[in-house]
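Novice: Provided below for reference: sequence and predicted model.
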Amino acid sequence: GNSVTQMEGPVTLSEEAFLTINCTYTATGYPSLFWYVQYPGEGLQLLLKATKADDKGSNKGFEATYRKETTSFHLEKGSVQVSDSAVYFCALSRLNRDDKIIFGKGTRLHILP
Amino acid sequence: DAMVIQNPRYQVTQFGKPVTLSCSQTLNHNVMYWYQQKSSQAPKLLFHYYDKDFNNEADTPDNFQSRRPNTSFCFLDIRSPGLGDAAMYLCATSRDPTQGASTDTQYFGPGTRLTVL
């Protein structure tokens, strides 16, 4: 079945450090891939999305590239800020009415000033 | 701005006392979802409406019910809340996911945090 695996947290970095959060997936066909971010006490916000192989999603300095050969969608940011502290969820969705979005378990990110 | 709105943001109820959470959307999306999220976990889908067509997840307890009176509104009813139902409840919407990759993104509301005393 479809599944998403992302790196365990929490991840703690200093401000301006380089960030990578790994995400790999298992799915048949060509799913859409997402990164959602959840700030404390809030709902999930779409951070970025990619819909086909080699697509790069980007937003707010974050990037992720859809790699079909490695079934990965790793999230990266060159210089993190304290305001990036949140929980990040990798997810996939298939274009099928009966398939639900599949979330990874989430990675909590702490950025120290 | 088009958005997904949830009320209330915080709800306190007593053990066994029915509670209703509400969700409204101005996105005119035809699919609406209810998720339960417990601390440090991914959201868990409870059910979703595809227009008026209700789809219940197999492991959603009977204690949870939902109503969608029109396109814009959807309600989550918890008939007899237990201590284990304390969680964040998230509403989300999307366009028809079968229409292509431009329509399968889910948009979430801010959530309602439910406390059961």
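Specialist: That came through fine. Numbers count the residues shown, from 1 in each chain, chains lettered A, B, ... in the order given.

Novice: for residue A:74, which non-adjacent residue is spatially closest?
Specialist: Spatially, and ignoring its direct neighbours in sequence, residue A:74 is nearest to residue A:22 (5.1 Å; C-beta to C-beta, 6 or more residues apart in numbering or on different chains). From N, CA and C alone the C-beta is placed, and that goes for glycine too.

Novice: one more: residue A:75?
Specialist: That would be residue A:21: by C-beta to C-beta, 6+ apart, it lies 4.4 Å from residue A:75.

Novice: you'd agree the residue nearest to residue A:74 is up against residue A:8?
Specialist: No: counting by C-beta atoms under 8 Å, residue A:22 sits too far from residue A:8 to count as a contact (9.9 Å).

Novice: which one's more surrounded, these two?
Specialist: Between residue A:22 and residue A:8, counted using other C-beta atoms under 10 Å in any protein chain shown, the more crowded position is residue A:22 (16 against 11).

Novice: who does the spatially most central residue of chain B bridge with?
Specialist: Nearest residue to the geometric centre of chain B (C-alpha atoms, centre = their mean): residue B:34, 2.4 Å. In this entry, residue B:34 is beta-bridged to residue B:47, residue B:91, by DSSP bridges.

Novice: what's near enough to touch it?
Specialist: Residues in contact with residue B:34 (C-beta atoms under 8 Å, 6 or more residues apart in numbering or on different chains) are B:23, B:45-48, B:64, B:66, B:74, B:76, B:89-91.

Novice: between those, which sits nearest residue B:113?
Specialist: residue B:89 (7.9 Å; C-beta to C-beta).

Novice: list the contacts for the residue lying closest to that closest one once chain neighbours are set aside?
Specialist: Leaving aside its sequence neighbours, residue B:89 sits nearest to residue B:112 (C-beta to C-beta, 6+ apart; 4.9 Å). Residues in contact with residue B:112 (C-beta under 8 Å, 6+ apart) are B:6-11, B:21, B:88-89.

Novice: torsion angles phi and psi at residue B:112?
Specialist: phi -120, psi 120 (degrees, to the nearest 10).

Novice: would you mind measuring from it to residue B:48?
Specialist: 17 Å (C-beta to C-beta, to the nearest Å).

Novice: check residue B:54 too.
Specialist: Counting by C-beta to C-beta, the gap from residue B:54 to residue B:48 is 8 Å.
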